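Student: need a 3D model of the following:
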Amino acid sequence: MSLSVPRREFLKSTGLVGASLLLPFSLRSGAHGAAHLNGSNPEADRVFAPNAWLEIAPNGDVRIWCGKSEMGQGVRTSLPMIVAEELCCDWRSVRVVQADLESKYGDQLTGGSLSVRTSYANLRKAGAAAREMLLNAAATEWGVDQSGCRASSGEVIHTNSKRRAPYGSLITRAATLAPPTGPPVKSPAEFRLVGHATPRTDTPLKVTGQAKFGLDVRVPGMLIASVERCPVYGGTMRSYNADEVKRIPGVRAVVELKPVHLVHHFGEESGPDSRNYTCAGVAVLADSTWSAMQARKALKVEWDEGASANESSAALREQFVNLVAKPGTLMRDDGDFESAFSSAVKKVEAVYEVPFLAHATLEPMNCTANVSDSQCEVWAPTQIPGAAAESIAKALGIPRKNIQLHVTFLGGGFGRRLIQDYAVEAALISREVGAPVQDFYRPASYHVLRAGVDGNGRISAWFHRAASPSIGVFYSGSRIPPQAAAEMNGPDFPAFGVPNLRTEFALAQSGMPLGYWRSVENSGNQFVISSFFDEVTTVAGRDPVEMLLAVLGPPRKISLGREGPIDIARRRRVIEVAADKAGWAQFLPKGTGRGIAAHFGYGSYVAQVAEVSCDLSRGSLRVQRVVCAVDCGLAINPSGVQAQMEGAINFGLAAALKSAITVEHGRVQQSNFHDYEVLRMNDAPPVIEVHVIPSSEPPGGCGEPGVPPIAPAVANAIFAATGKRIRRLPIRTADLRQA
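Tutor: Sure, this is the predicted structure:
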């Protein structure tokens, strides 16, 4: 893999903005823009500061800035749709522009399925403020009351006289007005764009090859860097043959990379004993990608691999087993589990395992950086440009304000591009004369569960003890409280439906670099919880759908701490819709089965039914159909929600059927897609149905909540088809063969 880095000459650029009306709206509550002049034409160039979200040109064309990173989830469509809806402009005249890192765009974090959730209210106000100013301008020009004017498709219309004024003709007068601090927003019943399926704005760019990803960046005088890294995370370098490699034709420099501590993705300083740092390595810089890669092969590096060189998957599993044999950190303790379990009529016990997982983005980690004196310009496919800039500034020892960062398209993120190592390394290399890096992995985990069923077939007791390394400890160090370090959530289902419930977590030690994988701990934990729930349901002699609804109980709202409150009516609804659309009670032939799982998280409710066919003689499995019901609140772009769910299902199926990271002698044994498999087109279900449930509730997330239910839905379907339980991932041929 390679990285493009420009030479040390700092690139300077200038830009000219034509006559336009720039309308900002602050993301900070209660703030609004102030008017000032920009350019030589005081009327046409009047703008409002500090935060610019949209711009209207004299011809009526509208530019809307997207302050989040586009990595396939559709924010370059959904976020501008929110602004355009309140602005009442003609969507066909809108051009979407990616925002660079600037404070006026507020928090530019793209992760946790937060983009729409955290932007919705403020972007509505931004569009509404612009609309009200245009209405005011038209009313003033016509000498009429503003209440008699309305906005529609890029025009202001006076209801009584039928006079019309295109937005472009009003910008001069509008530029003289103060932005309203509390502009009225539409009711959902008035929406004409939001809530309707809308083609994505970035599709034409990607189809024609015009979309610029990180690897597409080209600037004059670039050099290409390829990096050889310590094979064990946390190791250091003893020696390398720099002089020999420098003599290779095309090689311009060989640079040593020492570990550098990073700023946490959310802008926090890492703890003093955190392991959030770049990996030791040697960068070879050359005139071309080929030269850099060939020269890298000639490197002879002697590493001090450190204590983590002794780590292996087998040793980590042994540590898990020892940890779960004794009590862990108490996460939740309702009723009296021990008494309820001992008196249960039927008892169920099981052990579940999930592996390390890589993010496996198709576009490698890369960054283009140019450092000159105390300035740094960066082009990066990053999910959190603010933390990237903070980390670069800290590493270079220069002020944060001296970092100029341009956000490109991202060729996949899944949480990996929340980590700033590749951006920091690019800047450090550039200062000396890009750089992709090994992945950061979702933690492996080990789970022991016990449940008791009473004489009425109800779950009377539930116990769940998990052991895994901690992402929180990796980034924050030992200062993080034990409960915050846990890779599980105490209030998770069925916490509010079982009277006697106990959950515990045991912290395991690992030298592996850890990161937030799509849906974080929910992906592994939901496989465990929903699969074991299906086991208990079978022992209780009840139908899985009926049991899910029974444990949820009647419609009500329950506080769940960090994810709460949860609306039980909405959770019940997605289960009912998924089961109904899948034909849950319909007959299936021998060797096929259906399974169901549901998840609440990121402000959304998802249920999925998987239909599978199995051949035990061959150990083969085929997921034939997946039916998904999702309630994500107000769906800004329903077609985008559908695409997100389809993508999440296939992403989750890769983890269920294909992917696993294993370790030996501190080294990850997988190196590329040939031995770390992802889902191929012929593996994907022939049929995926997504049913988006209409809702007027505030928008929830869509990028992550579709991932957790699919693995347990498939595992439960396998049991329905074969009677065999799946308790570890990925599902192996041996797990499916006839015993």
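
Student: for the stretch 201-350 of the chain, give me the ranges with low pLDDT.
Tutor: For the stretch 201-350 of the chain, applying pLDDT under 70 flags the ranges 265-270.

Student: now do the helices in the stretch 251-400 of the chain.
Tutor: 289-297, 313-324, 337-342, 385-396 (DSSP state H, counting those that start in this stretch).

Student: so for residue 140, which of the ones you listed sits nearest?
Tutor: Residue 140 lies closest to helix 385-396 among the helices of the stretch 251-400 of the chain, at 39.7 Å (C-beta to C-beta). Backbone N, C-alpha and C define where each C-beta goes, glycine included.

Student: contacts for the helix or strand following the closest one, please.
Tutor: Using DSSP states H and E, the helix or strand that follows helix 385-396 in sequence is strand 403-407. Strand 403-407 is contacted by residues 69, 98-101, 108, 375-382, 385, 388-389, 392-393 when judged by C-beta atoms under 8 Å, 6 or more residues apart in numbering.

Student: span of stretch 483-498 from start to end?
Tutor: Stretch 483-498 has an end-to-end distance of 21 Å (C-alpha to C-alpha, to the nearest Å).

Student: show me the longest helix that occurs in the chain.
Tutor: Scanning the chain for the longest helix, with DSSP state H as the assignment, gives helix 115-142.

Student: elements contacting that one?
Tutor: Counting contacts by 3 or more C-beta pairs under 8 Å, 6 or more residues apart in numbering; DSSP states H and E, helix 115-142 is packed against strand 21-24, strand 52-56, helix 75-87, strand 149-152, strand 155-158, strand 164-166, helix 171-174.

Student: neighbouring strands of the fifth one in the sheet, and parallel or not?
Tutor: It refers to strand 155-158. Paired strands of strand 155-158, with direction, are strand 149-152 (antiparallel), strand 164-166 (antiparallel) (DSSP bridges).

Student: residue contacts, residue 353?
Tutor: Counted by C-beta under 8 Å, 6+ apart, residue 353 has contacts 317, 320, 444, 445, 446, 447, 727, 728, 729.

Student: cutoff 10 Å now
Tutor: Shown in contact with residue 353 (C-beta atoms under 10 Å, 6 or more residues apart in numbering): 317, 320, 444, 445, 446, 447, 524, 527, 528, 727, 728, 729.

Student: and those residues as CSV, adding distance to residue 279 and secondary structure?
Tutor: Output for the contacts of residue 353, formatted as CSV (distance: C-beta to C-beta, whole Å; DSSP: H, G, I helix; E, B strand; the rest coil):
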residue, distance to residue 279, secondary structure
317, 25, helix
320, 25, helix
444, 20, coil
445, 24, strand
446, 27, strand
447, 30, strand
524, 25, helix
527, 30, helix
528, 31, helix
727, 34, coil
728, 29, strand
729, 27, coil
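
Student: need these in TSV with neighbour count and distance to residue 222, can you?
Tutor: TSV is the format used below for the contacts of residue 353 (neighbours: other C-beta atoms under 10 Å; distance: C-beta to C-beta, whole Å):
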residue	neighbour count	distance to residue 222
317	16	45
320	23	46
444	27	39
445	23	42
446	23	47
447	25	48
524	29	41
527	30	44
528	27	47
727	18	51
728	16	46
729	26	42
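
Student: for residue 141, which of the helices and strands packed on helix 115-142 is the nearest?
Tutor: Closest approach to residue 141 among the helices and strands packed on helix 115-142 is made by helix 171-174 (6.0 Å; C-beta to C-beta).

Student: that closest one: how far from the chain's middle?
Tutor: Taking C-alpha atoms, centre = their mean, to the nearest Å, one finds helix 171-174 lying 40 Å from the centre of the chain it belongs to.

Student: for that helix, packing partners?
Tutor: Helix 171-174 sits against strand 21-24, strand 52-56, helix 115-142, with contacts defined as 3 or more C-beta pairs under 10 Å, 6 or more residues apart in numbering; DSSP states H and E.

Student: repeat that for 8 Å
Tutor: helix 115-142.

Student: please identify the most buried of the helices of the stretch 251-400 of the chain.
Tutor: Ranked by mean neighbour count, the helices of the stretch 251-400 of the chain are led by helix 385-396 with a mean of 24 (mean count of other C-beta atoms under 10 Å).

Student: quick one, that one and strand 403-407 angle?
Tutor: 140 degrees (axes from the mean of the first three to the mean of the last three C-alpha atoms, to 10 degrees).

Student: which residues touch helix 385-396?
Tutor: Applying C-beta under 8 Å, 6+ apart, the contact partners of helix 385-396 are 69, 100-101, 107-109, 260-267, 369, 371, 376, 378, 380, 382, 399-400, 402-403, 405, 407, 418, 420, 423-424, 427-428, 431.

Student: if we can go back for a sec, among the contacts of residue 353, which two are most distant?
Tutor: The most widely separated members of these, counting by C-beta to C-beta, are 317 and 527 (17.1 Å).

Student: follow-up on the earlier one: and which of the contacts of residue 353 is nearest residue 304?
Tutor: Using C-beta to C-beta, those come closest to residue 304 at residue 444, 25.6 Å.

Student: next, give phi and psi for that closest one.
Tutor: phi -70, psi 160 (degrees, to the nearest 10).

Student: grab the nearest non-local neighbour of it.
Tutor: Spatial nearest neighbour of residue 444, chain neighbours left out: residue 356 (4.6 Å); criterion: C-beta to C-beta, 6 or more residues apart in numbering.

Student: one more: residue 321?
Tutor: residue 446 (6.9 Å).

Student: which strand residues bridge that neighbour?
Tutor: Bridge pairing for residue 446 - DSSP bridges - gives residue 353, residue 467.

Student: who touches it in this structure?
Tutor: 317, 320, 321, 323, 324, 351, 352, 353, 466, 467, 468.

Student: now do the contacts for the second one.
Tutor: Pointing back at residue 320 there. 353, 444, 445, 446, 467, 468, 508.

Student: can you pull the contacts of residue 513?
Tutor: Going by C-beta under 8 Å, 6+ apart, residue 513 touches 233, 275, 279, 438, 439, 440, 441, 474.

Student: got a winner among these for most neighbours?
Tutor: residue 233 (27 neighbours; other C-beta atoms under 10 Å).

Student: list the contacts of it.
Tutor: By C-beta under 8 Å, 6+ apart, residue 233 lies in contact with 275, 279, 308, 438, 511, 512, 513, 666.

Student: mind doing that once more with 6 Å?
Tutor: 279, 511, 513 (C-beta atoms under 6 Å, 6 or more residues apart in numbering).

Student: the first one contacts residue 229, doesn't it?
Tutor: Which is residue 279. Yes - Residue 279 lies in contact with residue 229 (C-beta atoms under 6 Å); the separation is 5.1 Å.

Student: picking up where we left off before, quick one: which of the helices of the stretch 251-400 of the chain is nearest residue 119?
Tutor: The minimum distance between residue 119 and the helices of the stretch 251-400 of the chain falls on helix 385-396, with 15.1 Å, by C-beta to C-beta.
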